[in-house]
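Novice: The sequence and its predicted three-dimensional model are supplied below.
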Amino acid sequence: MATTHHTNETPTDVASNGTAPTSTVSPETLLDYYRQMVEVRLFEEAATRGFRQGKVGGYLHVYIGQEALARGFLDAFRKGDKTITAYRDHAHVLFQGGDPKATMAELYGKGTGLVKGKGGSMHLFDVENGMWGGYGIVGAHIPLGVGMAYSEAYRETGNIIQLYLGDGAIHNGYFHESANLAGLWGKDGMCPCLFIIENNQYGMGTSVERATANTNLGSKFDSYAIPWEKVDAMDLEAVIAVAHKAVDYVRETGKPYAVEAMTYRLGPHGAADFLEQYRSKDEVREARKRDPIGLLEQRLLDLGVTDEEAMEKIRAHAKELADEAVKFAEESPEPDLSELTTDVYAPETGLI
Amino acid sequence: MAVMTYRDALKSALADEMERDESVVLIGEDIGLYGGTHLITDKLIDRFGKKRVIDTPIAEGGFTGAAIGMAMNGMKPVVEMMTWNFSFLASDQIIQNAAKLRYFSGGQVSVPIVIRGPNGGGVQLSAQHTHSLEGFYGQFPGLKVVAPATPEDVKGMMLTAIRDPDPVIFMEAGALYGTKGEVPEGDATVPFGKARIAREGSDISLISYGRQVNLLLKVADQLAKEQDVQAEVIDLRSIRPFDSETIIESVKKTNRAVVVQEQWRWFSVASEVAAIIQEHAFDYLDAPVERVSGAEVPAPYARNLEIAAFPGVSQVIEAANRALYRKG
Ligand SMILES: Cc1ncc(C[n+]2csc(CCOP(=O)(O)OP(=O)(O)O)c2C)c(N)n1
Ligand SMILES: [Mg+2]
């Protein structure tokens, strides 16, 4: 359940009109989201295998354990809205409708990749569907999202920006400069930006406790007069409830809002993080009990909208999709060498 | 043609573009109510309002990043760096985001942004407030870097910069804001990637950009008067894209070249120009290409030290004489 912290603004509380937040989403939708979360999970497991086989290069940061977070917030997403996030971006792009084949092909460095094999895992863009990247410098995408939000307000589009950032990024100067600008511009209704902290407890190997004396990360927004709240992001329905409330507030007021979404990175920081000396096996085992996919399975069984057999079918289908994506990626051609020098400058400038 | 200061020419380009295109906004520190540290944006807030002339807190990384976000998302922001010295705080945004976004998004995102401000030294601002960063920014593919020296060019190149679909680093000659020159009326754009022959000559090519162009014109006059040497003065104007052709043609004619810059010599614009000349006009050279650069020290404060730290008439004349094999 969500706890709300107010600074000097009171969000319009659309989720608390007498009904429990869990009723904002139908069991059928929950089942559909379950399917998507399983598909993303198996996609990333397949990508990890590709990495181990040396077919996926560079860095590979998976979202395993955090799926309910991105899926939940996107429930409040509408056409024209935009998301921007860091390098842990596979789930975001896939939930937004990005083609799994083109996404896998990008990881495999193929010409059929989402960004033509020019960015890899950390730079997934699908602008058509509202996914604006995919950035590798911790914190450096935060001001971009704030500026994009200014533009939505300036052009009076009614769209909002969902800006995801890690618990590690909040200690970076960019966060503080950007949150300050967002709060300031929000006073004139010029910053429809929803900040979403993906608090997965770690920035690489540094736990939140080892990174800041104030571990109540949402409270950092108090300094910038941005209202915020915390949500258990292992619970898909809780995320969805908060997402609608937050997104409606941002859209109606043009002001920023923040959610500290509590989650856990069940997988490694990156595919090359196999030692995990910074946390105990017990801790991970314990966290696994609250795997958002497991929790959702239980919920769906309780609701009576599915059974073991139906879920097995979903898993099998997800496996097929992941295999198809891998096959497509493996069979796709490498980027044409002529692509090396395109997209540096706008094509009409004639410069390479 | 109207006679205008460099400052007014620049300002008129900004105002004309804002008038013409509503997606153009200005953003920076003290550009609105205060009028701009160098008065480039003075009173524009009265004319265009605070949504289009955006005063920011002192947060170069944050507001430059936010402006890049605006540019990605349908606007054309012109960012004022109060001076380029403060751009190191924003350089991560400029280099890591603005310059590369088109590429790593596979062409899905454009960043039509202009980042402008005064560059270079000469007014005793000492170590932290004196830099010439054309070479630094010129290094990065994805950026365009220009350094106009005249009122006509500063206006025409700003018009081009704002209409350009890619990020433009616009380095103004801060020391020249008050200088006057003729500026054509109306929409007189000046293209990027075209050097300007500021003075024609046949005996030696003197090459620079920004405020050093005026120094070269002085040197050329002196060479003509005292030694009967006709120097050709080339104003590069655009560092990236770069006009190799004009340089090579000039050197093929004069067979000698001196490249002058305020910035440090190592890994600099002059190094690149010298390399281009030897690659494309080696057989035409009658002497090694000379470089005159800033002293390899942080900029000093005391007037005499500062004068000694930057290229002056005598240093350029000496370099020209070496290239001409003359005693001077
Ligand atoms: C400026 C910068 N410093 C360091 C790194 C290396 N690095 C990559 S991810 C990361 C941890 C970030 O943690 P967090 O923001 O919590 O995101 P998470 O990985 O948990 O999703 C670090 C230190 C980087 N990419 N950028
Ligand atoms: Mg983290």
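Specialist: Arrived safely. Residues are numbered from 1 along each chain as shown, chains lettered A, B, ... in the order given. Ligands and ions are numbered 1, 2, ... in the order given.
Novice: Just say helix, strand or coil for A:Ala238.
Specialist: helix (DSSP: H, G, I helix; E, B strand; the rest coil).
Novice: and the gap between it and ligand 1?
Specialist: 20 Å (C-beta to the nearest ligand atom, to the nearest Å). C-beta: built from backbone N, CA, C; applies to glycine.
Novice: Count the residues that sit near that residue.
Specialist: 21 (other C-beta atoms under 10 Å in any protein chain shown).
Novice: Ok, A:Glu45 next?
Specialist: 16.
Novice: ok, and the closest non-adjacent residue to it?
Specialist: With sequence-adjacent residues excluded and distances taken as C-beta to C-beta, 6 or more residues apart in numbering or on different chains, A:Glu45 is closest to A:Ala322, at 7.3 Å.
Novice: Mind checking what secondary structure the one you found has?
Specialist: Here A:Ala322 is helix, with the state taken from three-state DSSP.
Novice: so who does it touch?
Specialist: If you count contacts by C-beta atoms under 8 Å, 6 or more residues apart in numbering or on different chains, A:Ala322 has them with A:Glu39, A:Leu42, A:Phe43, A:Glu45, A:Ala46, A:Pro100.
Novice: so what's the last one up against?
Specialist: The neighbours of A:Pro100, taking C-beta under 8 Å, 6+ apart as the test, are A:Glu39, A:Phe43, A:Leu94, A:Leu321, A:Ala322, A:Glu324, A:Ala325.
Novice: how about the helices in chain B?
Specialist: B:6-20, B:44-48, B:60-72, B:88-92, B:101-104, B:134-138, B:151-163, B:212-227, B:244-254, B:269-281, B:303-309, B:313-323 (DSSP state H).
Novice: Ramachandran angles for A:Asp126?
Specialist: phi -150, psi 70 (degrees, to the nearest 10).
Novice: isn't it right up against A:Gly98?
Specialist: Yes. With contact defined as C-beta atoms under 8 Å, A:Asp126 reaches A:Gly98; the gap is 4.3 Å.
Novice: want to try CSV for the helices of chain B, with mean neighbour count and mean pLDDT as columns?
Specialist: Compiled in CSV, the helices of chain B are given as follows (neighbours: other C-beta atoms under 10 Å in any protein chain shown; pLDDT from 0 to 100):
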stretch, mean neighbour count, mean pLDDT
helix B:6-20, 20, 98
helix B:44-48, 16, 98
helix B:60-72, 30, 98
helix B:88-92, 18, 98
helix B:101-104, 25, 98
helix B:134-138, 22, 97
helix B:151-163, 24, 98
helix B:212-227, 20, 97
helix B:244-254, 19, 98
helix B:269-281, 19, 98
helix B:303-309, 14, 96
helix B:313-323, 19, 98
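Novice: can the ones you listed go into a markdown table with extra columns for distance to B:Val114?
Specialist: Below are the helices of chain B laid out as a markdown table (distance: least, C-beta to C-beta, whole Å):
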| stretch | distance to B:Val114 |
| --- | --- |
| helix B:6-20 | 9 |
| helix B:44-48 | 15 |
| helix B:60-72 | 9 |
| helix B:88-92 | 13 |
| helix B:101-104 | 15 |
| helix B:134-138 | 13 |
| helix B:151-163 | 5 |
| helix B:212-227 | 22 |
| helix B:244-254 | 24 |
| helix B:269-281 | 20 |
| helix B:303-309 | 30 |
| helix B:313-323 | 31 |
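Novice: For the stretch 101-250 of chain A, give me the ranges with low pLDDT.
Specialist: Of all residues in the stretch 101-250 of chain A, none has pLDDT under 70.
Novice: Which single residue in it comes nearest to ligand 1?
Specialist: With C-beta to the nearest ligand atom, the shortest gap between the stretch 101-250 of chain A and ligand 1 falls at A:Gly166, namely 2.1 Å.
Novice: Enumerate every residue touching the closest residue to A:Val239 other than its chain neighbours.
Specialist: Of all residues not flanking A:Val239 in the chain, A:Gly72 sits nearest, at 2.7 Å (C-beta to C-beta, 6+ apart). Neighbouring residues of A:Gly72 by C-beta under 8 Å, 6+ apart: A:Ala233, A:Leu236, A:Glu237, A:Ala238, A:Val239, A:Ile240, A:Val242, A:Ala243.
Novice: Alpha carbons only: can I get whatever helix or strand A:Ala243 lives in in CSV?
Specialist: Here A:Ala243, judged by DSSP states H and E, is contained in helix A:236-253. The C-alpha trace of helix A:236-253 is given here as CSV (Å, rounded to 0.1, in the frame of the first residue of the first chain):
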residue,chain,number,x,y,z
LEU,A,236,1.7,-4.8,-9.2
GLU,A,237,-1.8,-3.6,-8.1
ALA,A,238,-0.3,-1.2,-5.5
VAL,A,239,2.0,0.2,-8.3
ILE,A,240,-1.0,0.6,-10.6
ALA,A,241,-3.0,2.5,-8.0
VAL,A,242,-0.2,4.9,-7.3
ALA,A,243,0.6,5.3,-10.9
HIS,A,244,-2.8,6.6,-11.8
LYS,A,245,-3.0,8.9,-8.9
ALA,A,246,0.5,10.3,-9.6
VAL,A,247,0.0,10.5,-13.4
ASP,A,248,-3.4,12.2,-13.0
TYR,A,249,-1.9,14.8,-10.6
VAL,A,250,1.0,15.5,-13.0
ARG,A,251,-1.2,15.8,-16.0
GLU,A,252,-3.8,18.0,-14.4
THR,A,253,-1.4,20.4,-12.6
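Novice: Just confirm yes or no for the helix or strand harbouring the residue nearest to A:Val239 near ligand 2.
Specialist: Element membership of A:Gly72 [criterion: DSSP H and E] is helix A:67-74. No. Using C-beta under 5 Å from the ion, helix A:67-74 never reaches ligand 2; the gap is at least 11.5 Å.
Novice: Pull out the buried residues from that helix.
Specialist: A:Glu67, A:Ala68, A:Leu69, A:Ala70, A:Arg71, A:Gly72, A:Phe73, A:Leu74 (16 or more other C-beta atoms under 10 Å in any protein chain shown).
Novice: So what's the residue count around A:Arg52?
Specialist: For A:Arg52, using other C-beta under 10 Å, the count is 12.
Novice: Hmm, B:Pro191 and B:Pro241 touching each other?
Specialist: No. With contact defined as C-beta under 8 Å, B:Pro241 does not count as touching B:Pro191 (9.6 Å).
Novice: For these two, indicate the residue with more neighbours.
Specialist: Neighbour totals were compared for B:Pro241 and B:Pro191, and B:Pro241 leads with 18 against 12 (other C-beta under 10 Å).
Novice: contacting residues around the nearest residue to the more buried one once chain neighbours are set aside?
Specialist: Leaving aside its sequence neighbours, B:Pro241 sits nearest to B:Gly193 (C-beta to C-beta, 6+ apart; 3.7 Å). Contact analysis of B:Gly193 by C-beta under 8 Å, 6+ apart lists A:Leu351, B:Ser238, B:Pro241, B:Phe242, B:Asp243.
Novice: from these, which ones fall inside strands?
Specialist: With DSSP state E as the criterion, strands contain B:Ser238 from among these.
Novice: Switch the contacts of B:Gly193 over to a markdown table; also include pLDDT and distance to ligand 2.
Specialist: As requested, the contacts of B:Gly193 are exported to a markdown table (pLDDT from 0 to 100; distance: C-beta to the ion, whole Å):
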| residue | pLDDT | distance to ligand 2 |
| --- | --- | --- |
| A:Leu351 | 85 | 39 |
| B:Ser238 | 98 | 43 |
| B:Pro241 | 97 | 41 |
| B:Phe242 | 97 | 43 |
| B:Asp243 | 98 | 48 |
